Every structure is written in C-alpha cells, then in structure tokens.
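Trainee: below are the sequence and a predicted model; questions follow.
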Amino acid sequence: MAGRPFSIKSDHYPGDHASPYDMNRLADFYRDAAHRSSGAILIGDPTSAGPMRLLAIHSIELNLSAYLLLQGSSWSEIRKMGHDLTVRLERATARGLVLRERTSAHIRAIARDREYLVARYGPDCLSTASQMNRLLATLEEVARKVSRAVADAPPLQPIPRSDTSSAEGAERRLVTHGPAVGSG
C-alpha cells in the first residue's frame, strides 16, 4: 500500500503499511543523500559532517528495519526498538542477516557511543565519532545485503485478519524463512 495517505487523525503510525521493499527503497534514498552531502564536508570541521552522519545512520536503521519486516517482524515490534541499532542488528542476525564481524562491531559501537544523537544534537562531540570511511563502508555493506534479500524475496502475502494476534489488525508481511542472507 505504498503511497497511502497518512492522516494525523489516523489510528496508524506512519509506515504501518510499508513493505520491506518500501523501507529498503527509502533507505536507499537516505544512503544517496548521505553520499551527496559528503561533498559539503569541510576539511578540519567535524560539525560539517553531522548531516552526512545522520543520513547514513538513518539509512542503516531503515535497512535493518526492512530486513526485520522481510523476516516477519511486525511494525509494532520494530517501533518498540526505538532507534536502538544493537537490538535491530541482533534480531536481524538471528533471522539470517550475515554481516562481516567488523561491520557488526561498528554498528554496535555507533549505538554504544550514541552517534545518532551526536549527529543530531552534539556538534561539540562530532570530532570523536566514527571515521567517515568506516561509516560509509558500514552503510554500503548493510545496504547491499538487505537490498539483495529484498530483491530475492517472494511476493508479499496479506495475513488474514483472523490470523493476527494484535489489536492493530492485519499487517502486510512477508513470510519467508530462506537461507542466510549475505553469506556469499
């Protein structure tokens, strides 16, 4: 139901009807914006990298969410994670997403060091954030592996209302339990 209008008066959260494909596509736009904004970074001025960092981290978060949706997580479960990349990473890994150990360690460090908040509100802390090349490498690996999983997935199947256990009603999910993603 991509493109469905959202109303403030609605009982649903924005994104409640977004598919894994929709979320992966949105993550790709954030990734592209991160790369474009990297051209505005001023040498010796870590504050100028704040927007690029925020866009990159948000793209990583959206891609991990897309993968979790792909593997059957509900939007309710994903919202409960807040912006915690460690929880998203652990759940995605448990459901078959395979990232290099260095990439997984970097995602945990981003969460531990609260880089999402630093990029948004901490110009005084940006000089201690992840190295730019490491952040971009993490961004690219997550994007590549989640995009591959989404592209290889079978079509979405609506879950009949009687099969849902939540009061939120039927959500569109992809029911798939294929091989681990990213091992190749």
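Mentor: Done, it's in.
Trainee: what about I107, neighbour count?
Mentor: Around I107 there are 24 other residues, counting by other CB atoms under 10 Å. For every residue, glycine as well, the C-beta is placed using N, CA and C.
Trainee: with H58 instead?
Mentor: 20.
Trainee: so it touches D28, yeah?
Mentor: No: the pair H58 / D28 is not scored as a contact, 11.9 Å apart, by CB atoms under 8 Å.
Trainee: now L97: phi and psi?
Mentor: When read as degrees, to the nearest 10, the backbone of L97 gives phi -80, psi 130.
Trainee: distance check, it against D152.
Mentor: 13 Å (CB to CB, to the nearest Å).
Trainee: same thing with V146?
Mentor: V146 is 11 Å from D152, by CB to CB.
Trainee: look at those two and report which has more neighbours.
Mentor: V146 (29 against 12).
Trainee: what is the neighbour count of the residue lying closest to that one once chain neighbours are set aside?
Mentor: Leaving out its chain neighbours, the residue that sits closest to V146 by CB to CB, 6 or more residues apart in numbering is N63, at 4.2 Å. Neighbour count for N63, taken as other CB under 10 Å: 31.
Trainee: assumed N63 was part of a strand.
Mentor: No: the assignment for N63, made by DSSP: H, G, I helix; E, B strand; the rest coil, is helix rather than a strand.
Trainee: so what's it up against?
Mentor: Contact analysis of N63 by CB atoms under 8 Å, 6 or more residues apart in numbering lists M23, N24, A27, V142, A143, V146, S147.
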